[in-house]
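K.L.:
got a structure for you, letters missing:
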């Protein structure tokens, strides 16, 4: 990431304020506590297979940042839903793609590479015998995900290959999906 | 899942058509190919850290089901974004919560248990030294996720504990996050 301080355009590349990104990097390098973040989502059942996700803020460097977002998730008719919104498996793929998008855009920005387009198509298969409890040896989720990243910009093939490797190594949602994250549930019957 | 065919209310519980769910279960038991699904999301960069997820359909039992959804994802100001939408880490948590919600609702429905409320609060920490490439030994994503499921309904504590265990064992997105999913990328420079 030394390219950060060597960039020939220290201002805005791909819409990213490289000065601000550099300042964040420097702060976190000097004091790791400045880079500690906490993310939270509260989901409330809306009937049938519908749920609403509410976000009220996140924390960074020990400071709470209030911000409000809300969105809805459903299941298709074929899986018992009302097909009003995309489903949880699609939201997961979108979360992966969005995180990788930020990765490519930021990695290009810090190297002074301008992107003209970036598109990621992701797909995966799920065998419903897992979800339906028919066969406990069948994984209920994705065993693998195939994705194609299509990009254009003024980087060389070598630079884009390096950026691709960096995104795979540093993207939070690549990590979250490609690795086992420990789930720590509490069940409260009210 | 034998409870499915023994349910005392074979019609609609928690908004779920239990007859339809039972029919799906029977179909997939008889012919596993009927339970093969494929999920796809195409994400297009919208400038800065914003991206749009487009869904055009999914496949089940070899049949394509067209349906169109679109939603947007961003990053907060503190991470170089325009804070117009929730961020990829929040979308991932929402996808997990929504999938578990469907699990609780369906597991209750097939047992004839009526839920009166269901809420899931999930949170996790991310150390930005991973994303920023400062320390390759720091995981860029969540090492663990804490979540609290709050529910009420006419089930017993024992039933809800059994349902909770079933959701953890069969939820696709619980699997996707709690296990390592293989990522198979293709990079296309256009």
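P.N.:
Yes, it's here. What you see is a predicted model, and the numbers here were worked out from it, not measured in a lab.
K.L.:
run through the strands of chain A in chain order.
P.N.:
All strands of chain A, identified by DSSP state E, fall at A:12-13, A:16-17, A:36-45, A:51-60, A:63-73, A:115-127, A:144-153, A:182-189.
K.L.:
what's the longest one packed up against?
P.N.:
Read it as strand A:115-127. If you count contacts as 3 or more Cβ pairs under 8 Å, 6 or more residues apart in numbering or on different chains; DSSP states H and E, strand A:115-127 packs onto helix A:88-110, strand A:144-153, strand B:36-45. Glycine gets a C-beta too; all of them are placed from N, C-alpha and C.
K.L.:
of all the ones you listed, which lies closest to residue B:105?
P.N.:
Of all the helices and strands packed on strand A:115-127, the one in closest proximity to residue B:105, counting by Cβ to Cβ, is helix A:88-110 (12.2 Å).
K.L.:
and chain B, is that closest one touching that?
P.N.:
Yes - interface with chain B: helix A:88-110 contributes A:88-99, A:101-106 (Cβ under 8 Å from any Cβ of the partner chain).
K.L.:
between that helix and strand A:63-73, how big is the angle?
P.N.:
140 degrees (axes from the mean of the first three to the mean of the last three Cα atoms, to 10 degrees).
K.L.:
can you give me the buried ones in helix A:88-110?
P.N.:
Within helix A:88-110, the residues scored as buried using 16 or more other Cβ atoms under 10 Å in any protein chain shown are A:88-110.
K.L.:
just how off-centre is that helix within its chain?
P.N.:
Relative to its chain's centre, helix A:88-110 lies at 5 Å (Cα atoms, centre = their mean, to the nearest Å).
K.L.:
pLDDT averaged over that helix - what is it?
P.N.:
In this model, helix A:88-110 has an average pLDDT of 98.
K.L.:
touching chain B at all, stretch A:11-20?
P.N.:
Yes - counting by Cβ under 8 Å from any Cβ, chain B has neighbours in stretch A:11-20: A:14-17, A:20.
K.L.:
which among those end up buried?
P.N.:
Buried by 16+ other Cβ under 10 Å: A:14-17, out of the residues of stretch A:11-20 next to chain B.
K.L.:
now the residue nearest the centre of chain A: how far from residue B:70?
P.N.:
Residue closest to the average C-alpha location in chain A (Cα atoms, centre = their mean): residue A:99, at 3.2 Å. For residue A:99, the distance to residue B:70 (Cβ to Cβ, to the nearest Å) stands at 18 Å.
K.L.:
residue A:35 too?
P.N.:
Counting by Cβ to Cβ - residue A:35 and residue B:70 are separated by 32 Å.
K.L.:
of the two, give the one with the bigger neighbour count.
P.N.:
More neighbours surround residue A:35 than the other of residue A:35 and residue B:70, with 23 against 13 (other Cβ atoms under 10 Å in any protein chain shown).
K.L.:
that one reaches residue B:133, doesn't it?
P.N.:
No - taking contacts as Cβ atoms under 8 Å, residue A:35 lies outside contact range of residue B:133: 11.5 Å.
K.L.:
so residue A:118 touches residue A:101, yeah?
P.N.:
Yes - judged on Cβ under 8 Å, residue A:118 makes contact with residue A:101 at a distance of 6.1 Å.
K.L.:
can you check which residues contact both of the two?
P.N.:
Taking Cβ atoms under 8 Å, 6 or more residues apart in numbering or on different chains as the contact rule, residue A:118 and residue A:101 both touch residue B:45.
K.L.:
contacts only, for the nearest residue to residue A:45 once chain neighbours are set aside.
P.N.:
Spatial nearest neighbour of residue A:45, excluding adjacent residues (Cβ to Cβ, 6 or more residues apart in numbering or on different chains): residue B:118 at 3.9 Å. Contact analysis of residue B:118 by Cβ under 8 Å, 6+ apart lists A:44-45, B:101, B:104-105, B:149-151.
K.L.:
let's see it at 6 Å
P.N.:
Counting by Cβ atoms under 6 Å, 6 or more residues apart in numbering or on different chains, residue B:118 touches A:45, B:104, B:151.
K.L.:
export the residues you listed as CSV, with columns for distance to residue A:83.
P.N.:
Conversion of these to CSV gives the following (distance: Cβ to Cβ, whole Å):
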residue, distance to residue A:83
A:45, 17
B:104, 20
B:151, 25
